[in-house]
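**Student:** No letters, just coordinates:
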């Protein structure tokens, strides 16, 4: 299954709503990324 949503760093890491393969938390990518870097990653990975 493909990741469809990136969960913002300001939202809780552990939350049952995004406990699936559709979601990835910014913390799992790089919690020091700027918004621009996150947006760039989202565009590159569709």
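**Tutor:** Perfect, thanks for sending it. Fair warning: this is a prediction, and the values are worked out from it, not measured in the lab.

**Student:** C-alpha from now on. contacts and neighbour counts both.
**Tutor:** Noted.

**Student:** I'd like the mean pLDDT over the longest helix along the chain, please.
**Tutor:** The residue-count maximum for a helix in the chain (DSSP state H) belongs to helix 35-44. Helix 35-44 comes out with an average pLDDT of 92.

**Student:** What backbone torsions are found at the residue most central in space within the chain?
**Tutor:** In the chain, the residue lying closest to the centroid (CA atoms, centre = their mean) is residue 6, at 2.6 Å. Main-chain dihedrals, residue 6, degrees, to the nearest 10: phi -110, psi 120.

**Student:** didn't it look like it was pressed against residue 24?
**Tutor:** Yes. At 5.0 Å, residue 6 counts as touching residue 24 under the criterion of CA atoms under 8 Å.

**Student:** buried residues in stretch 10-22?
**Tutor:** 13, 18 (16 or more other CA atoms under 10 Å).

**Student:** Identify all contacting residues around stretch 25-39.
**Tutor:** For stretch 25-39, contacts defined as CA atoms under 8 Å, 6 or more residues apart in numbering pick out 6-9, 13.

**Student:** Identify the residues contacting residue 9.
**Tutor:** Contacts of residue 9 (CA under 8 Å, 6+ apart): 25-27, 31.

**Student:** For these, give me TSV that also has pLDDT, neighbour count and secondary structure.
**Tutor:** Formatted as TSV, the contacts of residue 9 follow (pLDDT from 0 to 100; neighbours: other CA atoms under 10 Å; DSSP: H, G, I helix; E, B strand; the rest coil):
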residue	pLDDT	neighbour count	secondary structure
25	93	19	strand
26	93	18	helix
27	93	15	helix
31	84	12	coil
